[in-house]
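**Student:** Got a predicted model here, sequence first, then my questions.
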Amino acid sequence: MRRSLKRFLPHPDVVRNNRWFAPFANTLLHPRLWHLNRRSAAGAVAAGLFCGLIPGPLQMLGAAICAVIFRVNLPLALLCTLYTNPFTIVPLYLVAYEIGHAVLGGAANFSAPPAMNGDLLGWIPALTHWVIGLGKPLALGLVLLASLIAALGYLIMRIGWRYWLIHAIRRRAAGEKKYP
């Protein structure tokens, strides 16, 4: 499993040779941030999936901070934030709102976002008011959905890695080649 994942992940030399990362080299080049085993991979998947629902362009920064704090694989954590994109973020946020609304209770009062109608200066305050109206249900729903997705990702990665390992041991015991 490690070989399969390492093909897609960058090498620490990418950070070492980048002048923008030079001030953070001591932190970003910690060996545990680049080591790939079942614990660091599962933790990285969980951190990346959790931070994938952070609003705005701060998802990868959040995943990098989590990877440094929890000492899990940094590149894999960054890669796992990519499940949110312009096509998936709206449905995920709607699910998060519904989860938050169900937990907090109350009548369903979700309304569609305001239409732009060509007036950008009038639309921005209306959109801001609409987003603020979502408030608590969306915030709670995002935390709960991110936690659920992260926990599922962690479990799937641990189970998948274990399955891969057992399968490799059985193939090795049967005398087969490791990789076709």
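**Tutor:** Yep, it's here. Numbering: from 1, shown residues only.
**Student:** now the helices: where do they sit in this structure?
**Tutor:** 2-6, 12-16, 25-28, 38-51, 59-70, 74-79, 89-104, 120-174 (DSSP state H).
**Student:** Which neighbouring elements make contact with the longest one?
**Tutor:** With contacts defined as 3 or more C-beta pairs under 8 Å, 6 or more residues apart in numbering; DSSP states H and E, the secondary structure elements packing on helix 120-174 are helix 38-51, helix 89-104. Any C-beta I mention is one placed from the backbone N, CA and C, and that applies to glycine too.
**Student:** among those helices, where is the model least confident on average?
**Tutor:** Note on those: helix 89-104 shows the lowest mean pLDDT, a mean of 89.
**Student:** From Arg158, how far out is Ile54?
**Tutor:** Per C-beta to C-beta, to the nearest Å, Ile54 is found 24 Å from Arg158.
**Student:** Pick the most buried one from the helices and strands packed on helix 120-174.
**Tutor:** Neighbour counts (mean count of other C-beta atoms under 10 Å) averaged over each of the helices and strands packed on helix 120-174 peak at helix 38-51, with a mean of 24.
**Student:** same for that one, what does it pack against?
**Tutor:** helix 59-70, helix 74-79, helix 120-174.
**Student:** mind putting the ones you listed in a markdown table, mean neighbour count included?
**Tutor:** Shown next, in a markdown table, are these (neighbours: other C-beta atoms under 10 Å):
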| stretch | mean neighbour count |
| --- | --- |
| helix 59-70 | 19 |
| helix 74-79 | 24 |
| helix 120-174 | 14 |
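**Student:** what's the closest of those to Leu49?
**Tutor:** Minimum separation from Leu49 across the helices and strands packed on helix 38-51 (C-beta to C-beta) falls at helix 120-174, 4.3 Å.
**Student:** what mean pLDDT does the closest one have?
**Tutor:** 88.
**Student:** Now do that helix: distance to the chain's middle.
**Tutor:** 6 Å (C-alpha atoms, centre = their mean, to the nearest Å).
**Student:** how far out from the middle of the chain is stretch 36-46?
**Tutor:** 12 Å.
**Student:** what's the answer for stretch 58-72, then?
**Tutor:** Its chain's average C-alpha position is 10 Å from that of stretch 58-72, according to C-alpha atoms, centre = their mean.
**Student:** With just CA atoms, put that stretch into PDB.
**Tutor:** Taking C-alpha atoms only, stretch 58-72 is exported to PDB below (Å, rounded to 0.1, in the frame of the first residue of the first chain):
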ATOM      1  CA  LEU A  58      -8.100  27.900   3.700                       C
ATOM      2  CA  GLN A  59      -8.600  24.200   3.400                       C
ATOM      3  CA  MET A  60      -5.000  23.200   2.600                       C
ATOM      4  CA  LEU A  61      -3.600  25.500   5.200                       C
ATOM      5  CA  GLY A  62      -5.900  23.900   7.800                       C
ATOM      6  CA  ALA A  63      -4.900  20.500   6.700                       C
ATOM      7  CA  ALA A  64      -1.200  21.400   6.800                       C
ATOM      8  CA  ILE A  65      -1.600  22.800  10.400                       C
ATOM      9  CA  CYS A  66      -3.400  19.700  11.500                       C
ATOM     10  CA  ALA A  67      -0.700  17.500   9.900                       C
ATOM     11  CA  VAL A  68       2.000  19.400  11.800                       C
ATOM     12  CA  ILE A  69       0.100  19.300  15.100                       C
ATOM     13  CA  PHE A  70      -0.800  15.600  14.900                       C
ATOM     14  CA  ARG A  71       2.400  14.600  13.100                       C
ATOM     15  CA  VAL A  72       0.600  12.800  10.200                       C
END
